[in-house]
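**Student:** Have a look at this prediction, sequence included:
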Amino acid sequence: MATYECNQCGMSVNATCGKCDVPLENGHLSLDDGNEVQISQCPSCEGKIKSPQCCGADMSCEL
């Protein structure tokens with residue numbers, strides 16, 4: 001399972017898809033303006049959410 005952890009305080013979460021019960025994977029979404037946003041995505045149904053944040057920053061994911 002992908003575990004997201006805050007690099008500042010150490011808080012961590014495990015994230016799974018509510019529809020498929022499959023662990024979410026770390027990914028990036030390219031925006032029209034050329035910027036990239038870190039996302040969590042389901043490898044089964046391809047659903048996407050904004051990656052979890054803590055202490056004002058995206059939590060990192062160790063694969």
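**Tutor:** Great, that's in hand.
**Student:** For stretch 29-43, which residues meet the burial criterion?
**Tutor:** Within stretch 29-43, the residues that qualify as buried are 38-42, counting by 16 or more other CB atoms under 10 Å. For glycine as for every other residue, the C-beta is placed from the backbone atoms N, C-alpha and C.
**Student:** Just the closest of those residues to Val22, please.
**Tutor:** When those are ranked by distance to Val22 (CB to CB), Cys42 comes first, at 5.7 Å.
**Student:** And the closest residue to that closest one other than its chain neighbours, how close does it get to Pro23?
**Tutor:** Residue nearest to Cys42 in three dimensions, not counting chain neighbours: Cys17, with 4.0 Å by CB to CB, 6 or more residues apart in numbering. Applying CB to CB, to the nearest Å, the value for Cys17 to Pro23 is 8 Å.
**Student:** what about those two, which has more around it?
**Tutor:** Cys17 (19 against 16; other CB atoms under 10 Å).
**Student:** mind listing what that one touches?
**Tutor:** 23-24, 42, 44-45, 47 (CB atoms under 8 Å, 6 or more residues apart in numbering).
**Student:** Just the residues contacting the helix or strand harbouring His28, thanks.
**Tutor:** With elements taken from DSSP states H and E, the one containing His28 is strand 25-30. Around strand 25-30, the neighbours that count as contacts under CB under 8 Å, 6+ apart are 2, 4, 36-43, 48, 51, 61, 63.
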